[in-house]
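Chemist: this is a predicted model, with the sequence first.
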Amino acid sequence: MHKQTSSSHNLGSTKSQSILSRRSLLGLLAGLLILAGGPGAAQAEEWRIATLAPDGSSWMKILSKGAADVDSKTSGRVKLKYYTGGKMGGEKDVIRKMKMGALDGGAFTSVGLSQIVPSIRVLEIPMLFDSPEEMDYVRRKMWGTFMKRFDKKGYKLLDPGNVGAIHFYSNTPIKSRADLAKAKVWLWGEDTLVKAMFKKLGVNGVPMGVPDVLPALNTGRINACYGSALATVALQWYTKVKFATSMTTSYGVSSTVINKANWDKMTPEDQAAVKKSLRAHSKELRSTVRRDNKRAHKAIVRAGVKVIETPEATKAEFQKLAEQVWSEMVGKLYSQKDLDRVLKYRAEYRAKNG
């Protein structure tokens, strides 16, 4: 009897220990789940995003505000870290690093965007738009199409930003095609569209990346470049030139692209919050950049850069040659359907606005 009692006691003790062990294990698992944020909770994500935009520029001021807002709206689950001023290389380098997983996104000009989806350059074909408002209308009509194309390539294309009206800046006056052909003009190495236009104009561009332009202007390797007034000030190119053309050759497009894998990691709630935040800041960016381009133009003139009025004959010649380039780029950068749609929406805008 004593032995049976002892055996029963030992059995009860073993059961108690087993129950305690299970409780301890469950407690440990519960604690780990709490530390992890609960079942199905999103982990904190830091998106590493590179850009050519320099610190302190209008672009970075708004992008930084957007990053702070995203952090707040997602309670720190999504953070945007920007590498500015080309620290991660040119836009082609950034895309390569995104594919490798070394970066999660990039804030690109259209040249970088076209490394992923070439057809987006149909929005920047030369001599297409007469005003930024006209460009806005057509871009708005086309943007959804490009978002789908980026999505198919594994990227999330966010809302568009502005670069501004593109002009030539030089150390010799440019009033004609012949004047431009004599100049040593910078050519962005990856810009196939401008390369085609230069060939049509008889211009031998000097290929190099954006960070190389200022040193090249300083040494005389080039004596002309092109860009928006704001970019020309932000990158300090205006300090090395004497003249600017009045003629706008195109309107620059920009946007931020995120690896779709990063986007898909977020909960639907965080996706909605991030999208809403970045959309609001993209809208602010577009209006701010447009305003600051006007201010930059005035600053360039105050600094002594003289604006050369482009003769009507030169404008007409550029227009004629540009339209030839539009057709020549069909099947190389974009489809005939893309070009037709852009021209259709441009005609719609002109019909509505006289």
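Modeler: Looks like it came in fine.
Chemist: K73 against V274, yeah?
Modeler: Yes. Look at K73 against V274 with Cβ atoms under 8 Å: they come within range, at 7.2 Å. Glycine gets a C-beta too; all of them are placed from N, C-alpha and C.
Chemist: of those two, which one has the most company?
Modeler: V274 (25 against 18; other Cβ atoms under 10 Å).
Chemist: hang on, the more buried one packs against T74?
Modeler: Yes. Using Cβ under 8 Å, V274 is in contact with T74, at 6.6 Å.
Chemist: pLDDT below threshold where in this protein?
Modeler: 1-43 (pLDDT under 70).
Chemist: ok, 50 please
Modeler: 1-42 (pLDDT under 50).
Chemist: and the longest strand for it?
Modeler: Across the chain, the longest stretch assigned as strand under DSSP state E is strand 155-170.
Chemist: partner strands of it and their direction?
Modeler: strand 224-227 (antiparallel), strand 243-245 (antiparallel), strand 250-259 (antiparallel) (DSSP bridges).
Chemist: including distance to P268 and mean neighbour count, could these go into CSV?
Modeler: Formatted as CSV, the strands paired with strand 155-170 follow (distance: least, Cβ to Cβ, whole Å; neighbours: other Cβ atoms under 10 Å):
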stretch, distance to P268, mean neighbour count
strand 224-227, 40, 25
strand 243-245, 48, 21
strand 250-259, 16, 23
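Chemist: with distance to K184 as added columns, please give the ones you listed in TSV.
Modeler: Converted to TSV, these look like this (distance: least, Cβ to Cβ, whole Å):
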stretch	distance to K184
strand 224-227	7
strand 243-245	14
strand 250-259	21
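Chemist: of those strands, which is nearest V138?
Modeler: strand 250-259 (9.9 Å; Cβ to Cβ).
Chemist: with just CA atoms, put the next helix or strand after that closest one into CSV.
Modeler: Beyond strand 250-259 in the direction of the C-terminus, DSSP states H and E gives the next helix or strand as helix 260-265. Extracted C-alpha coordinates of helix 260-265, given in CSV (Å, rounded to 0.1, in the frame of the first residue of the first chain):
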residue,chain,number,x,y,z
LYS,A,260,7.5,45.3,-55.6
ALA,A,261,8.7,42.7,-53.1
ASN,A,262,9.2,45.4,-50.5
TRP,A,263,5.7,46.9,-51.2
ASP,A,264,4.1,43.5,-50.9
LYS,A,265,5.6,42.8,-47.5
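Chemist: show me what counts as buried in helix 260-265.
Modeler: Buried positions in helix 260-265, judged by neighbour count with 16 or more other Cβ atoms under 10 Å: K260, N262, W263.
Chemist: list the residues that contact the second one.
Modeler: By Cβ atoms under 8 Å, 6 or more residues apart in numbering, the residues touching N262 are E45, W47, D104, G105, K156.
Chemist: now do 6 Å
Modeler: N262 makes contact with W47, D104, according to Cβ atoms under 6 Å, 6 or more residues apart in numbering.
Chemist: numbering from 44 from now on, please.
Modeler: All right, first residue 44 from here; so that's N305.
Chemist: strands of this protein, start to end?
Modeler: Using DSSP E, strands in the chain cover 88-94, 121-126, 148-152, 198-213, 229-231, 249-251, 267-270, 286-288, 293-302, 349-351.
Chemist: can you list contacts of the first one?
Modeler: So the one you mean is strand 88-94. 121-127, 131, 137, 146-150, 305.
Chemist: one more time with 7 Å
Modeler: By Cβ atoms under 7 Å, 6 or more residues apart in numbering, the residues outside strand 88-94 that reach it are 120-127, 131, 137, 146-150, 299, 301, 305, 308.
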